[in-house]
Every structure is written in structure tokens, then in C-alpha cells.
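Student: got a sequence here, can you model it:
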Amino acid sequence: MVKEKNIRLTIEYDGTKYAGWQVQPRQKTIQGEIESALQKLTGQKPILYVAGRTDAGVHALAQVANFRIAHRLPVKKYRDGLNFYLPDDILICEAGEVAPEFHSRYDAAFRSYRYQIARRRSALYRLRRWECSYDLNRIELDRAAEYVRGEHDFSAFCVISSQKEDNRCLVYESRWREENGLLIYDITANRFLHSMIRSLVGLMVDLGRGAIDMKTFKQIFADGDHTALKHVAPARGLYLAAIGYEEE
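Tutor: The predicted structure is shown next:
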């Protein structure tokens, strides 16, 4: 009898052509592609658990997923075996056996995302960043990022249909930086709500371009009204950057 193993995957992907992570009827998804590759590789279709379900068009630098399977294939063969069947815009970076009780979503201590804004157009990278033509006030962006740090009710930054009883999140890191001509927003928190980061970036850009002031920015937080947001940043600039676990 083959012993069941719990396999953890670290995954990189370009979300441009996909309707997000989660399997959906008649839609091309990241989860669907990986599950299809698993079935081709092993003849089985195990349940694939993921640390963070990304939306349509969102990318990942280090997504984490796990599945349990009883199969004779050596663990070290899963990475290359899956990559053989996967399209070029999805890559298994690492595959390894973890403790039977490990769960990629519920064991995650934090998640980190990155949002990239470009100051100029590019034919090559237009689908991987927001080409934003506004003249943005960096001081205002930094003030907003500092305000976001800490624990807040983020109801204003979550689409109403996805709101939960508790919309509070603890933000450990929130900062803007510049790198290789890009304006990058880094945010790390214990959890995120649906559309939260894109909604935050959209509001911060409105602040940075002078469409609103800091008083209005804070008031939207306090009111918790998602309809008060005028703009949501496009998905193409957002990346799931890292998942953190206590044992690491």
C-alpha cells in the first residue's frame, strides 16, 4: 500500500490569460491548469489547496499550494513532471513533502503583495504593470501608505458581495518605493479582502494626483463605503509576492 504524501508547491505565473486562480465553469484558470497537469502526471486528481486565490489578470511570484496524494512517484519528480505538462506562463518553482497536517491557506501567517506602476508606456511589459500617466505626489503616497499600516476595518476596500462579518486586517508593511523606473507599492498583512489592494492603490493614486485630499482618504476608511471609491487599479499591476509560515 502506497503511503499518502502531502506535497507543497511554490508557483510562479503570469495571470494575463486566466480568469484567476479558482476553477470556474468554461473558464481557463491557474488551478484548472495545475490540476489537469497533475492528472496527466499521476492519473489522479487530488484536491489542490492554495494560500491566496488571485483574481483574473493578477500574477504571482511565489504562490503556495498543497495537495495530498498516494502515489509511487518520488517527490523530487513532481516539479519537473508538472512543468512538462503546464503552459509556459505557469511554473512550478519548488515541490517538496511537508507534514501531513500542513495546509497552505490556514497555516499562512502572512501574505505579501506588490503593485507596480510605470511612468512610461512599454510594448513588452504593458500587461504586467499599470501604465499611469498621472503626475503623482510621492509625499502624499507615503502619507497614505503609513496610515494603512496597523489594524483597520477595510470594508471600504472590499466589494460588497464579498464582505464578511469581520473585515478587519492587520497590515504589517505598507510602503511605496522606486525601482528600475517603476513606482512599487509593497503591502504585507495577516489577511486580505477581495479587491482590497487594487482598491487601496486606486484611492492612493487619486490622492497622489490631487483628486482627493488626505482628510477624504481617512474619511473613506472611517465610512467603510466601497461605493465611495472612484477608481480600482487594474489587475495587471498586482503580484502575489510571498506567503509566510511560522516555521520558516
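Student: which residue ranges of this protein form helices?
Tutor: 30-42, 78-85, 138-148, 196-208, 214-223 (DSSP state H).
Student: quick one, which of the ones you listed is packed in tightest?
Tutor: When the helices of the chain are scored by mean count of other Cβ atoms under 10 Å, the highest mean neighbour count falls to helix 196-208 (a mean of 24). Where you see a C-beta, it was placed from the backbone N, CA and C, and this is true even at glycine.
Student: quick one: low-confidence ranges for this structure?
Tutor: Residue ranges of the chain with pLDDT under 70: 160-164, 248.
Student: which residue ranges make up each domain of it?
Tutor: 4-98, 109-245 (automatic domain parsing).
Student: straight-line length of the longest one, end to end?
Tutor: For domain 109-245, the first-to-last residue distance is 5 Å (Cα to Cα, to the nearest Å).
Student: what does the shortest one give?
Tutor: Across its full length, domain 4-98 reaches 11 Å end to end, with Cα to Cα as the criterion.
Student: renumber starting at 20 from here on
Tutor: That works, and once the first residue is 20, the last one we named lands at domain 23-117.
Student: related to what we said a few turns ago, possible to save the helices of the chain as a markdown table with distance to residue 149?
Tutor: Listed next are these as a markdown table, based on distance: least, Cβ to Cβ, whole Å:
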| stretch | distance to residue 149 |
| --- | --- |
| helix 49-61 | 21 |
| helix 97-104 | 30 |
| helix 157-167 | 14 |
| helix 215-227 | 8 |
| helix 233-242 | 19 |
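Student: nearest to residue 26, of those helices?
Tutor: helix 97-104 (5.9 Å; Cβ to Cβ).
Student: got the contact list for the closest one?
Tutor: Contact with helix 97-104 is made by 26, 28, 53, 55-57, 59-60, 92, 110-114, as judged by Cβ atoms under 8 Å, 6 or more residues apart in numbering.
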